[in-house]
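Asks: A structural model of the following input is requested.
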Amino acid sequence: MFTAFNELMNNGGPVMWVIFVTAWIAIVMLIERAIRIQQWHSAANADQSQFENTPDFLPARPEGTSGSPAAVILHRLDQSNGDRIQQINIQLAELMPKLEGTLPTIAVLGSLLPMLGLLGTVTGMINVFEVVAVHGTGNPQEMAYGISQALLTTASGLIIAIPVIFSHHLLSRRLGYILAVTEQSLQHIQQKDLTSLHSGSSNGH
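Replies: From the prediction side, this is the model:
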């Protein structure tokens, strides 16, 4: 198996190794984001259900990377500052890039892989033309090496890029859902603050 893999990589040329390393980086990032987003998805749904069913619900303080985004935001609020609505909006804006994490990098790597495949195609065809220039068309074995390099890198770049881009799309959609649920959860807090403010104003009059 290792021999076949090594032969495949050698036939693909140096660009094939670049594609291989890029693919592994993208896969590791995808796995890490998928695990984190799944944790946030479960925690966000659980907290949203509690917000809807329990009037005075307050999420527990997150420990480490656990907890929903809403719980993280609520426990970052400065209780001495009365304007919690503004604080929530600021914290949500600051948290969004952290929730995205490596997703933008994954998108870049997904778009880079086909371009690397195209680069391998170009270098492979350059090798073919060099063989033709030196030996003419009488050396099909050397020409076949360049053509093989061109086709292998193109196919590898596309084969890897398609699942990376598709997985990135799914994770982005899931993260968008988490943000929507988080905003709904925070609206419960904002509505309570507004209700308390109106009640205080009415009692003052």
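Asks: Could I get the contacting residues of the most centrally placed residue in the chain?
Replies: The chain has Leu103 as the residue nearest its centroid, 2.3 Å off, counting by Cα atoms, centre = their mean. Contacts for Leu103 (Cβ atoms under 8 Å, 6 or more residues apart in numbering) come out as Arg33, His168, Leu171, Ser172, Leu175. All C-beta atoms are positioned from the backbone trio N, CA, C, and that covers glycine.
Asks: what about burial for these, which qualify?
Replies: Among the contacts of Leu103, those buried by neighbour count (16 or more other Cβ atoms under 10 Å) are Arg33, His168, Leu171, Ser172, Leu175.
Asks: Helices - which of those land there?
Replies: If you go by DSSP state H, the buried ones among the contacts of Leu103 have Arg33, His168, Leu171, Ser172, Leu175 in helices.
Asks: how much space is there between the fourth one and Gly13?
Replies: Taking Cβ to Cβ, to the nearest Å as the measure, Ser172 and Gly13 are separated by 33 Å.
Asks: And Ala144, how far from Leu109?
Replies: Relative to Leu109, and taking Cβ to Cβ, Ala144 is found at 31 Å.
Asks: neighbour-wise, which of the two wins?
Replies: Neighbour comparison, Ala144 and Leu109: the larger count goes to Leu109, with 23 against 13 (by other Cβ atoms under 10 Å).
Asks: circling back: closest one of the contacts of Leu103 to Gln50?
Replies: Leu175 (21.3 Å; Cβ to Cβ).
Asks: For the closest residue to that closest one other than its chain neighbours, which residues are in contact?
Replies: In this structure, Leu175 finds its nearest non-sequential neighbour in Ile37, 5.7 Å apart by Cβ to Cβ, 6 or more residues apart in numbering. Residues counted as contacts of Ile37 (Cβ under 8 Å, 6+ apart) are Leu171, Arg174, Leu175, Ile178.
Asks: pLDDT and distance to Phe129 for these - can I get that in CSV?
Replies: Converted to CSV, these look like this (pLDDT from 0 to 100; distance: Cβ to Cβ, whole Å):
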residue, pLDDT, distance to Phe129
Leu171, 94, 42
Arg174, 93, 47
Leu175, 92, 46
Ile178, 90, 52
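Asks: Spatially, which two of those residues are the most separated?
Replies: Farthest pair in the contacts of Ile37 (Cβ to Cβ) is Leu171 and Ile178. Separation: 10.3 Å.
Asks: shouldn't Leu118 be in contact with Thr154?
Replies: Yes. Contact criterion Cβ atoms under 8 Å: Leu118 and Thr154 qualify, at 6.8 Å.
Asks: more crowded one of the two?
Replies: When Leu118 and Thr154 are compared for neighbours, Thr154 comes out ahead with 21 against 16, by other Cβ under 10 Å.
Asks: element containing the more buried one, please.
Replies: Using DSSP states H and E, Thr154 sits in helix 140-204.
Asks: pLDDT value on the residue nearest to Pro14 when sequence neighbours are not counted, please?
Replies: Closest residue to Pro14 apart from its sequence neighbours, by Cβ to Cβ, 6+ apart: Thr123 at 7.9 Å. Looking at Thr123, its pLDDT reads 86.
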